[in-house]
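1. Sequence isn't available, so here's the structure alone:
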């Protein structure tokens, strides 16, 4: 059982730059443990363990590093560092070992292997964040521009050029998912809302022009959809306006459960008829859904030279 007074473990993240690498690596590693959120884990003994992160950025001198390591010792913390300077890395490891501070050198081992593999010496200096203006960069920009143009079904004639098409009823998170996919994978992603009273655009259901394996329909639990739509109405002040004119006009059925079930059923039927793939997004983060779709696309087209969608950074040697 979880104790009343949970234990606390501190991680000291030290970087000669922004600290993004160390933070990302820690989050990825923490996700491998039984954790309830980003701030605590459940130990094998069933105890709650709070996670504290202390981040030090742009640390580039031995004196600054020493002060941080001694603080880590006082707090019985684990030190994780990303230093490009090999001398600073070595001194940090020596100091940690001397003071019995557990540590992880995130960059050192990889740089060492890369030095041997490439037969080159690294610069050993922190580098400014920079973007390579290569083909992948311009492809990503083009993908984002396409995704914005093809958002919300506003340009159905562009669908034939899409790498992936997202469809679904209103408020299932189509637009943010499309943006994440275009930025993360460099894909041209179109999205089309499916509305009960409105037939889908003819371009979407043209099986000769649209490969159904690339179309994904987002579905969601009606209860969750009702909550999202009601919140949407409140934010836009629709409910307040309806109360003022109650009886004068018919109220919106946008958040009506019966209507929503019909809306979802209509989308499901269309998905089955067209041979699209249904993705349940209930309780899922946008990034999780994006990863699911990426995996499906990869498995479907990995052996299809003509239909394969290359990932960002993929280079044929």
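-> Everything's here; your move. A quick note: this is a predicted structure, and the numbers were derived from the prediction, not measured.

2. Mind checking what secondary structure residue 100 has?
-> When classified by DSSP: H, G, I helix; E, B strand; the rest coil, residue 100 comes out as coil.

3. Distance of it relative to residue 134?
-> Between residue 100 and residue 134 the computed distance is 46 Å (Cβ to Cβ, to the nearest Å). (C-beta placed from N, C-alpha, C; glycine too.)

4. On the C-terminal side of the helix or strand of the chain with the lowest mean pLDDT, identify the next helix or strand.
-> None of the helices or strands of the chain scores lower by mean pLDDT, DSSP states H and E than helix 238-244, at a mean of 49. Next helix or strand after helix 238-244 toward the C-terminus (DSSP states H and E): helix 257-274.

5. what's the next helix or strand after that next one in contact with?
-> Next helix or strand after helix 257-274 toward the C-terminus (DSSP H and E): strand 277-280. Surrounding strand 277-280, the residues in contact under the criterion Cβ atoms under 8 Å, 6 or more residues apart in numbering are 213, 215-221, 268, 271, 289, 292-293, 296.

6. Repeat the analysis, applying 7 Å as the threshold.
-> 216, 217, 218, 219, 220, 268, 271, 289, 292, 293, 296 (Cβ atoms under 7 Å, 6 or more residues apart in numbering).

7. Which ones among those map onto helices?
-> Among the contacts of strand 277-280, the subset assigned to helices under DSSP state H consists of 268, 271, 289, 292, 293, 296.

8. Buried among those? Need that as a selection in ChimeraX.
-> Taking 16 or more other Cβ atoms under 10 Å as the burial criterion, the selection of buried members of those in ChimeraX is written as:
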select :271,289,292,293,296
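
9. Redo the ones in helices among the contacts of strand 277-280 as JSON lines? Include pLDDT and distance to residue 95.
-> As requested, the ones in helices among the contacts of strand 277-280 are exported to JSON lines (pLDDT from 0 to 100; distance: Cβ to Cβ, whole Å):
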{"residue": "268", "pLDDT": "95", "distance to residue 95": "61"}
{"residue": "271", "pLDDT": "96", "distance to residue 95": "59"}
{"residue": "289", "pLDDT": "93", "distance to residue 95": "44"}
{"residue": "292", "pLDDT": "91", "distance to residue 95": "44"}
{"residue": "293", "pLDDT": "93", "distance to residue 95": "46"}
{"residue": "296", "pLDDT": "91", "distance to residue 95": "48"}
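
10. Show me where the stretch 1-150 of the chain has its strands.
-> Per DSSP state E, counting those that start in this stretch, the stretch 1-150 of the chain carries strands over the ranges 7-15, 35-37, 40-42, 48-56, 78-82, 103-105.

11. hang on, the earlier thing: just the contacts of strand 277-280 now: which is nearest residue 18?
-> Closest approach between those and residue 18, by Cβ to Cβ: residue 289, at 27.7 Å.

12. pretty sure that closest one contacts residue 176?
-> No - under the contact definition of Cβ atoms under 7 Å, residue 289 does not touch residue 176, with a separation of 9.5 Å.

13. Spit out the residues that contact the two alike.
-> Common neighbours of residue 289 and residue 176, using Cβ under 7 Å, 6+ apart, do not exist here.

14. okay, and for the stretch 151-300 of the chain, where does confidence drop off?
-> Flagging of the stretch 151-300 of the chain using pLDDT under 70 yields the residue ranges 235-252.

15. Could you report the distance from residue 103 to residue 77?
-> Counting by Cβ to Cβ, the separation of residue 103 from residue 77 is 10 Å.

16. who has more neighbours, these two?
-> residue 77 (22 against 19; other Cβ atoms under 10 Å).

17. So which residues of the stretch 51-200 of the chain form helices?
-> Counting by DSSP state H, counting those that start in this stretch, residue ranges of the helices within the stretch 51-200 of the chain are 62-74, 86-98, 108-118, 135-149, 174-185.

18. From the ones in helices among the contacts of strand 277-280, pick the one nearest residue 163.
-> Using Cβ to Cβ, residue 293 is the member of the ones in helices among the contacts of strand 277-280 that lies nearest residue 163, at 10.8 Å.

19. Cheers, nothing more for now.
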